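Engineer: One predicted model, sequence on top.
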Amino acid sequence: MSNLGVVIVSAGKGTRMKTEQSKQYIELQNKPILVHTLEQFHNIKEIKHIHVVVGSDDVKQVESYKEIYHLHKVTRVIPGGKERQDSVYRGLLSFDESIDWVMIHDGVRPFVTEDDIMACWRKAEEKGAAVLAVPVKDTIKLVNENMDVLSTPDRTQLWAVQTPQVFRLKELIKAHENAKEQKLLGTDDAMLMEMVGASIHVVPGDYQNIKITTPDDLEYAQFILAKKITSNNMDGE
Ligand SMILES: Nc1ccn([C@@H]2O[C@H](COP(=O)(O)OP(=O)(O)OP(=O)(O)O)[C@@H](O)[C@H]2O)c(=O)n1
Ligand SMILES: C[C@](O)(CO)[C@H](O)COP(=O)(O)O
């Protein structure tokens, strides 16, 4: 497979979690959420370069994870920006010319599987760009500021997009620069690529690849992790 750089964005403040400590450092089974996420990538032999973007006050702490949790493939820890988009951009600029493809992943999505990471990377190489996503289960309404329903999009065409998202590094840098020029803020990187006319391919993922965002997500995360540990123990018996 081609040369890939992974950017794990983890410089958010976690305001919706409403905890004093930023959510990426909350421990699940005695390990910060961010470390659980990093391990998922670190365990893949084809992945060699992982750059983590963190709050500027947290660089030293996350640097120390490399030794504590044996994460030698984490080759850079970079201070992030105000918005997620700024943090991703800083991560993109941290790679040298040897990197062709870049995979962006949220530091607070610790349950992404090796199979889904690899499927997304392979699909990007085949199609040019790929994102992991799951079909929407609820009926979605478009609602105006007065809370009146405007319309109901056809659910068979709606997918909830997750990370990882994989692109050619140079193309994603250009898309970010275009968004900057136009003062556009996207909620994911695919959106910035769409704005410059790129085609993005969807890879069906897993509902358990949650983004830990609010306190109820934390309870669900504890449940998912406990289930995984039980199932790993049973496999090892
Ligand atoms: N300036 C920012 C904002 C977000 N992120 C990262 O982007 C991912 C997804 O963002 P989100 O879940 O919104 O995290 P927060 O911004 O921390 O949460 P909130 O919006 O509730 O403050 C997280 O891993 C977060 O750390 C980042 O690197 N830099
Ligand atoms: C990139 C993302 O995780 C895809 O679902 C999501 O858009 C991030 O949004 P947030 O508002 O930064 O949580």
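Structural biologist: Okay, I see it. Ligands and ions are numbered 1, 2, ... in the order given.
Engineer: Residues of this structure that sit close to ligand 1?
Structural biologist: 9-16, 24, 53, 80-84, 87, 106-108, 211, 213 (C-beta under 6 Å from any ligand atom). All C-beta atoms are positioned from the backbone trio N, CA, C, and that covers glycine.
Engineer: run the last query once more with 8 Å
Structural biologist: Taking C-beta under 8 Å from any ligand atom as the contact definition, the chain meets ligand 1 at 8-17, 22-24, 53-55, 80-84, 86-88, 106-109, 211-214.
Engineer: Now Ala175. Nearest residue, chain neighbours left out?
Structural biologist: Spatial nearest neighbour of Ala175, chain neighbours left out: Leu192 (4.2 Å); criterion: C-beta to C-beta, 6 or more residues apart in numbering.
Engineer: So the one you found is in contact with Glu177, correct?
Structural biologist: No: if you go by C-beta atoms under 8 Å, Leu192 and Glu177 don't touch, sitting 9.4 Å apart.
Engineer: Wasn't Glu39 part of a helix?
Structural biologist: Yes: according to DSSP: H, G, I helix; E, B strand; the rest coil, Glu39 belongs to a helix.
Engineer: count of neighbours near the spatially closest residue to Glu125 that is not a sequence neighbour?
Structural biologist: Distance criterion C-beta to C-beta, 6+ apart; nearest residue to Glu125, sequence neighbours excluded, is Ser2 at 6.3 Å. Other residues lying near Ser2 total 11 when counted by other C-beta atoms under 10 Å.
Engineer: Make residue 1 into 51 and carry on from there
Structural biologist: Sounds good: first residue 51 from here, last item Ser52.
Engineer: mind listing what Ser52 touches?
Structural biologist: By C-beta atoms under 8 Å, 6 or more residues apart in numbering, the residues touching Ser52 are 150-151, 175.
Engineer: Which of the residues of the chain next to ligand 1 fall in strands?
Structural biologist: 58-60, 103-104, 156 (DSSP state E).
Engineer: any chance of those in TSV, plus pLDDT and neighbour count?
Structural biologist: Putting those into TSV (pLDDT from 0 to 100; neighbours: other C-beta atoms under 10 Å) gives the following:
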residue	pLDDT	neighbour count
Ile58	98	29
Val59	98	27
Ser60	98	28
Val103	98	29
Val104	98	27
Asp156	98	23
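Engineer: Most widely separated two among those residues?
Structural biologist: For those, with distances taken as C-beta to C-beta, the pair at the greatest spread is Val104 and Asp156 (12.7 Å).
Engineer: Now do the shared contacts for the two.
Structural biologist: In contact with both Val104 and Asp156: Ser60, using C-beta under 8 Å, 6+ apart.
Engineer: on that earlier part again, more neighbours, Leu242 and Glu227?
Structural biologist: A count of neighbours by other C-beta under 10 Å puts Leu242 above the other of Leu242 and Glu227, at 26 against 14.
Engineer: got a list of what the closest residue to Asp267 other than its chain neighbours touches?
Structural biologist: Distances taken as C-beta to C-beta, 6+ apart place Ile260 nearest to Asp267, at 5.9 Å, with adjacent residues excluded. Contact analysis of Ile260 by C-beta under 8 Å, 6+ apart lists 159, 161, 267, 270-271, 274.
Engineer: and the residues you listed, which are buried?
Structural biologist: 159, 161, 267, 271 (16 or more other C-beta atoms under 10 Å).
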